[in-house]
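Model the following, please.
(2 chains)
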Amino acid sequence: MPKPASRGQLISVDTVRGKDLVPSAKRLLRTQPKSHAGFSTWDASGLFFEMHGLAVDDRPSSRTLLLLYAADLHFRLRWDILPALEQGHTVVAAPYVETGIAVGLSFGLPRKWLTELFRFAPEPAASYWLNGTPATRLAPTAGFLEFCNSRLNGDLFEDFVSHFKSLVRRGKCETLR
Amino acid sequence: MNPAVKSVAKKICEQIAAKGRDRGFLIAFEGPDGSGKTTQRKLFKDWLVAEGFDVVTTKWNSSKLVKPLVKVRKNARSLDQKEFCLLHAADFRHRMESVVLPALVEGKTVVADRFLFTALARDAARGLDLDWLLHVYSPLYWPDAVFYFAVSPETSGKRIASTRTPKYYEAGQDVTNIDDPHESYQKFISRVIREYEALATIFNFITVDAERPIYDQHVQIRELFNNLRDRSWSEWNEEAIADWLRTRPSEKGVAAGA
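Numbering: from 1, shown residues only, chains lettered A, B, ... in the order given. Here you go, the predicted model:
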């Protein structure tokens, strides 16, 4: 991952339940010393929301969904994250790259393909993980995990959680309490 | 990889290979806009059908799921180079998994009006790294033949200008910063053709002189197709078949490899 060439600070937070993303991003922001701070959340580009609204029976594969996640993340970097970092602000990206990697690995996609896919995304200065109970009966547009579960008839929860627990064990990410 | 998926993929590949010249073929038609490849693709498809082949056609950026998402963003001119690439890659992947690979496995011949190489040529012309592009589009399924319709940038520009004004992304205005679409197209298509020519060498395209009369080109394509039917099926494609089996959505969970 490239280091962000800017004065600001990028913080990532990933979580099981999509509906926890905004509250956890706000909580993190309150702990930051800088006054100019903001957050960037999933599907800012509207890709998934629009796809959800299409009257099309076709279901995408996990690889197709990951390509769309990468497109959305690139959009967020271009419009939400990088401009704020360049102005010296703190940005909380919720979710960020690791959600894409965790979902991809859960579906058996190769790690090398996933890391190359997200090569464009800068490394965060700090990464957090918020555990929780998996969402039940939540709208597929609540978060990427919910969207994938609904589209692929899968249950990613356990593999998703164990990916982040492994990151915490290896010191790559901290648990958000 | 799950051994069960690997074993199923191997069996499917053996069945395809065993059919020899009676298997389903994947034939890609590539070339710049205005090269006449769509005309040739239609003539070729009609001929295949008349010869008794079961034919499926797939066109660039035509997935029911992704095309509407791309279209609205192209109209709004809101895509940058990487988003343009990733959305087209998603469209391509979805068509590969829902149209191309199922048809090939059923023994149908697939005629692709533009294939992977369109993305490689256009995205590389937009300044993206070819190595990253190949990763994004992997695993790759190699066509049995790629017919590349070669025209000069001038011919492509003249043919397009005689029928329409090129659209914003088609003219490459997102990267040339030239206001006039025709002028921008001329500059952009020169870059795209350079990339195509490099790809033609690397990936062994069959180059068709697209400035020759239409019927002459068609006859040449028929002959080339008849000759290539004796080539054996590429075992390189086994990985793409296995990946498709593993990652496609199924009714009760995600494929066999999940």
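
Ramachandran angles for residue A:128?
phi -130, psi 160 (degrees, to the nearest 10).

what sits against it?
By Cβ atoms under 8 Å, 6 or more residues apart in numbering or on different chains, the contact list for residue A:128 reads A:11-14, A:24, A:28, A:173-176. Just so you know, the C-beta spots here come from the backbone N, C-alpha and C atoms, and that holds for glycine as well.

Quick check: buried residues in stretch B:152-168?
B:153, B:155-157, B:159-160, B:166 (16 or more other Cβ atoms under 10 Å in any protein chain shown).

Of these, just say which sits nearest to chain A.
residue B:166 (23.8 Å; Cβ to the nearest Cβ).

can you map out the helices along the chain?
In the absence of a named chain, this looks at chain A. Remark: helices assigned in chain A by DSSP state H are A:21-30, A:47-53, A:62-76, A:82-86, A:97-106, A:111-117, A:144-152, A:157-169.

I was after chain B.
For chain B, helices defined by DSSP H occupy the ranges B:3-18, B:37-50, B:67-75, B:81-95, B:101-105, B:116-125, B:130-137, B:153-161, B:173-176, B:181-202, B:214-228, B:238-247.

Of those, which is nearest residue A:120?
helix B:81-95 (6.1 Å; Cβ to Cβ).

tell me the angle of the closest one relative to helix B:67-75?
Relative orientation of helix B:81-95 versus helix B:67-75 (axes from the mean of the first three to the mean of the last three Cα atoms, to 10 degrees): 160 degrees.

do helix B:81-95 and chain A meet at all?
Yes. With Cβ under 8 Å from any Cβ of the partner chain as the criterion, chain A is reached by helix B:81-95 at B:82-83, B:86-87, B:89-90, B:93-94.

Export the residues you listed to a markdown table and append columns for pLDDT and neighbour count.
Shown next, in a markdown table, are the residues of helix B:81-95 next to chain A (pLDDT from 0 to 100; neighbours: other Cβ atoms under 10 Å in any protein chain shown):
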| residue | pLDDT | neighbour count |
| --- | --- | --- |
| B:82 | 98 | 21 |
| B:83 | 98 | 21 |
| B:86 | 98 | 26 |
| B:87 | 98 | 26 |
| B:89 | 98 | 25 |
| B:90 | 98 | 29 |
| B:93 | 96 | 25 |
| B:94 | 95 | 25 |
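
what about the nearest residue to residue B:67 once chain neighbours are set aside, neighbour count?
Nearest residue to residue B:67, sequence neighbours excluded (Cβ to Cβ, 6 or more residues apart in numbering or on different chains): residue B:61, at 5.7 Å. The number of residues packed near residue B:61 is 17, by other Cβ atoms under 10 Å in any protein chain shown.

Please report phi then psi for residue B:61.
phi 50, psi 60.

That one and residue B:78: what is the separation?
Distance of residue B:61 to residue B:78, given as Cβ to Cβ, to the nearest Å: 16 Å.
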